[in-house]
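In: quick check, what structure comes out for this input:
(chains A and B)
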Amino acid sequence: MKALTEKIVKQLDTKKIKRFKMIILFVFIGLIALDIVFVFPNGYPTISQVVYDSSPTFIILIFLFGLFVTNVFFQREVTTTINFKRNFIILLFISLALGTTGFVIEQPAHINCTNFHTEIAKAETPYLTRVLCQDYTKGLTEYENCDCSKLQCNDNVHFKKDVTVGVKLIILLAGIVLGYFLWPSQKV
Amino acid sequence: MGVIALAVIVLFILEISAKLNDIPNDNVNVIIREWSYHKFYFITFFFGVVAGHLFLGGTSRLVDCKKLGMSMECGIFDVIIVASLSLILLATGLIFQKKRTNKTFQVILFTAGLLVGHFVWSMNHLVK
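Out: All right, here's what the predicted structure looks like:
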């Protein structure tokens, strides 16, 4: 198995492969850029829309993005010995905790057009969670965010519980800061 | 979507091979870092924008294209602002940047991008 791995790595150990990797990277970035820029007027969900709507179930993505940003732009180099195993376990534990939290947040299925005036406030936790009023009149994949206090409710309006933007910012910053301290690179 | 997933998988496999091979600094994160610390510092700004766009987002528009009398969709107008700012940073980097930038500059760029993604290119606007 080790010999096979070494053989594959050796095969990939060429400048051509490096160039191919750069092309793949550009294709990847280009596709995402095109998706973001050109697809959204058609009413279909874009990647960004899918990622945005994945909250709060997949709030772990925010933390992972923070780690990624640090790893790419702000990674520190250390000369001292690092306990990578311990650091990895800490990051894994936090990731698992966040991953679980996302699934624990319960959606307010009991909120409807007759009770939303009173139930939204009850379902929200100040500074932590909020209830979004989303109007799906244009179709199943396209919604408009509504101001819940001025909402003209109908069957196309869905109520979604999400974490607040403040909490998302804290998770992102936590990913960046923890990545900085726990995921340095070893200077040789 | 399938093409993007395939690109991610191929890139992931090549990243693992880059980690295992003897060539130093051929990982994608190192390559992007080297670019962004030199002439292509718009990359850091753009990552900040993406973070603000994907995960944050204000409920009201900082620049409301309708109030400015524009006939185009405000979502497209937001993209034009982001693209323009990125292109300005790209141009300044290509023309003026001779030395490697420092980490403080990168933090400022990322924060600026985050603010633009949050206030200008938000997916959290209250439309109604």
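
In: CA only for contacts and neighbour counts going forward, please
Out: Will do.

In: what's the first helix or strand after the lowest-mean-pLDDT helix or strand in chain B?
Out: The helix or strand of chain B with the lowest confidence, counting by mean pLDDT, DSSP states H and E, is helix B:2-20 at a mean of 65. Note on helix B:2-20: by DSSP states H and E, the next helix or strand toward the C-terminus is helix B:28-36.

In: after that next one, next one along is what?
Out: Counting by DSSP H and E, the next helix or strand C-terminal to helix B:28-36 is helix B:42-55.

In: which residues sit against that next one?
Out: A:48-49, A:51-52, A:62, A:65, A:69, A:73, A:165, A:168-169, B:36, B:82, B:86-87, B:89-90, B:93, B:106, B:109-118, B:121-123 (C-alpha atoms under 8 Å, 6 or more residues apart in numbering or on different chains).

In: got the angle between the host helix or strand of residue B:115 and helix B:42-55?
Out: Taking DSSP H and E as the definition, residue B:115 sits inside helix B:103-119. Per axes from the mean of the first three to the mean of the last three C-alpha atoms, to 10 degrees, the angle that helix B:103-119 makes with helix B:42-55 is 40 degrees.

In: just the buried residues of helix B:103-119, please?
Out: B:106-107, B:109-119 (16 or more other C-alpha atoms under 10 Å in any protein chain shown).

In: do that helix and chain A meet?
Out: Yes - judged by C-alpha under 8 Å from any C-alpha of the partner chain, helix B:103-119 comes into contact with chain A through B:103, B:106, B:107.

In: average pLDDT for that helix?
Out: Helix B:103-119 comes out with an average pLDDT of 95.

In: ok, the residue nearest to the spatial centre of chain A to residue B:69 distance?
Out: In chain A, the residue lying closest to the centroid (C-alpha atoms, centre = their mean) is residue A:61, at 2.9 Å. According to C-alpha to C-alpha, to the nearest Å, residue A:61 stands 37 Å off from residue B:69.

In: go on, residue A:77?
Out: 50 Å.

In: who's more crowded, the two?
Out: Using other C-alpha atoms under 10 Å in any protein chain shown as the criterion, residue A:77 and residue B:69 rank with residue A:77 on top: 13 against 8.

In: close enough to count as contact, the more buried one and residue A:187?
Out: Yes - with contacts counted by C-alpha atoms under 8 Å, residue A:77 reaches residue A:187, the gap being 5.6 Å.

In: which segments of chain B make up each domain?
Out: B:1-34, B:37-128 (automatic domain parsing).

In: highest mean neighbour count out of those?
Out: Most buried of those, by mean neighbour count (mean count of other C-alpha atoms under 10 Å in any protein chain shown): domain B:37-128, with a mean of 19.

In: outside of stretch A:158-169, which residues touch it?
Out: A:55-56, A:59, A:62, A:105-109, A:111-112, A:123-124, A:127-136, B:55-57.

In: let's see it at 7 Å
Out: Contacts to stretch A:158-169, defined as C-alpha atoms under 7 Å, 6 or more residues apart in numbering or on different chains, come from residues A:55-56, A:107-108, A:111, A:127-135, B:55-56.

In: likewise for stretch B:119-128?
Out: With C-alpha under 7 Å, 6+ apart as the test, stretch B:119-128 has contacts from A:144-147, B:53, B:57-63, B:78-79.

In: so, low pLDDT: which residues of chain A?
Out: Along chain A, the parts satisfying pLDDT under 70 run over A:1-2, A:4-22, A:24-25, A:27-28, A:31-32, A:34-45, A:140, A:188.

In: distance-wise, check residue B:34 relative to residue B:98.
Out: From residue B:34 to residue B:98 the distance is 13 Å (C-alpha to C-alpha).

In: again with residue A:171
Out: Residue A:171 is 35 Å from residue B:98, by C-alpha to C-alpha.

In: and for residue B:119?
Out: Taken as C-alpha to C-alpha, the span from residue B:119 to residue B:98 is 32 Å.

In: give me the angle between the strand or helix carrying residue B:92 and helix B:42-55.
Out: Element membership of residue B:92, judged by DSSP H and E, is helix B:74-96. Relative orientation of helix B:74-96 versus helix B:42-55 (the same axes, to 10 degrees): 160 degrees.
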